[in-house]
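Colleague: the following comprises the amino acid sequence and a computationally predicted model.
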Amino acid sequence: MSDDLFRYVLRLADDHLILGQRLGEWCGKAPSLEEDLALANIGLDCLGQARALFTYAGKVEGKGRDEDDLAFLRPEREYCNALLVEQPNRDFAWAIARQFYFSAFMLPFWRAMGKSTDDDLRAIAAKAEKEVAYHLRHSAEWVIRLGDGTEESRRRMIAALEELFIYTGELFEMDDVALAMVSEGVAVDASELRDEWRRTVDGVLSEAHLTAPEAAYDQTGGREGRHTEHLGHLLSELQYMQRAYPGLEW
């Protein structure tokens, strides 16, 4: 069980680390000062969740690796984040659509994780659920604002929602690791969250007078370390200090 638990927790940690890094790229570049602060705070929430998860993963692994080792000192193929969170910041609408899809999944996920038999995951979920409720509300408001705004904002919102939709199916995949954890009462059966996620997405898009996308296929592979070309570039920045100055302490 410990190996499966380690891998399961590591996936969650990687999701939030990589998304937090993407959000951090907006510092000083967001459309307004208020939004600059909002995206930074959401990114910090993601990093806080990642830290708690990495710390617990290191404890489960039992090999002496801490949160910094797991976050900064692994090669690209060892990262098991969903492909959605590594997608780049093409524009503001793209960042909002990515956050909206992910938060609409994570809110019911953390709520369900509150019933886990694992004390550590249950405690992480209790804090994360409150944070993600804000993340979803914030991103949903922007989807509506952009989708029902100017011709240009609507065009960009539609493009982002449609192009990112192929990465959402991976969030609901259940492999042997996840199934083993569900059987132990530890994990969440993500496949059971799809209907609620779809209702949330459809409801917000309807309010924005947008049509919900449909994907001809799901782009997957992130959980097995098969990533898009974007992750390597992200990691080169994320890991630079630790690799340039090994063992550096602030």
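Modeller: Looks like it arrived, so ask away.

Colleague: so how many other residues sit close to Asp3?
Modeller: Residues lying near Asp3 (other CB atoms under 10 Å) number 11. The C-beta positions use only the backbone N, C-alpha and C, and glycine is treated the same way.

Colleague: let me see the contact set for it.
Modeller: By CB atoms under 8 Å, 6 or more residues apart in numbering, the contact set of Asp3 is empty.

Colleague: give the buried residues for stretch 61-74.
Modeller: 61, 65, 67, 70-72, 74 (16 or more other CB atoms under 10 Å).

Colleague: average pLDDT across that stretch?
Modeller: Across stretch 61-74, the average pLDDT comes to 94.

Colleague: most widely separated two among the buried residues of stretch 61-74?
Modeller: Glu61 and Phe72 (15.7 Å; CB to CB).

Colleague: before we move on, back to that, which ones among the buried residues of stretch 61-74 lie within helices?
Modeller: Judged by DSSP state H, the buried residues of stretch 61-74 include 61, 67, 70-72 as members of helices.

Colleague: quick check: which ranges of the protein have low pLDDT?
Modeller: Within the chain, the set of residues satisfying pLDDT under 70 comprises 1, 250.

Colleague: in a markdown table: the ones in helices among the buried residues of stretch 61-74, plus distance to Ala95.
Modeller: Below are those laid out as a markdown table (distance: CB to CB, whole Å):
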| residue | distance to Ala95 |
| --- | --- |
| Glu61 | 32 |
| Glu67 | 25 |
| Leu70 | 25 |
| Ala71 | 22 |
| Phe72 | 24 |
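
Colleague: which parts of the protein are helices?
Modeller: 2-24, 33-61, 67-72, 83-86, 92-113, 119-147, 151-164, 176-183, 194-207, 229-238, 240-244.

Colleague: closest one to Asp218 among those helices?
Modeller: helix 83-86 (9.7 Å).

Colleague: against which helices or strands is that closest one packed?
Modeller: Judged by 3 or more CB pairs under 8 Å, 6 or more residues apart in numbering; DSSP states H and E, the packing partners of helix 83-86 are helix 2-24, helix 92-113, helix 229-238.

Colleague: dump those into CSV; add distance to Phe54 as well.
Modeller: Shown next, in CSV, are the helices and strands packed on helix 83-86 (distance: least, CB to CB, whole Å):
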stretch, distance to Phe54
helix 2-24, 5
helix 92-113, 17
helix 229-238, 13
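
Colleague: what sits up against stretch 210-220?
Modeller: 83, 143, 147, 154, 157-158, 161-162, 165-170, 173, 198, 201-202, 205-206.

Colleague: determine how far it lies from the middle of the whole chain.
Modeller: How far stretch 210-220 lies from its chain's middle: 18 Å, per CA atoms, centre = their mean, to the nearest Å.

Colleague: what's the span of that stretch, first residue to last?
Modeller: 26 Å (CA to CA, to the nearest Å).

Colleague: could you measure from Gly232 over to Pro75?
Modeller: With distances taken as CB to CB, to the nearest Å, Gly232 is found 10 Å from Pro75.
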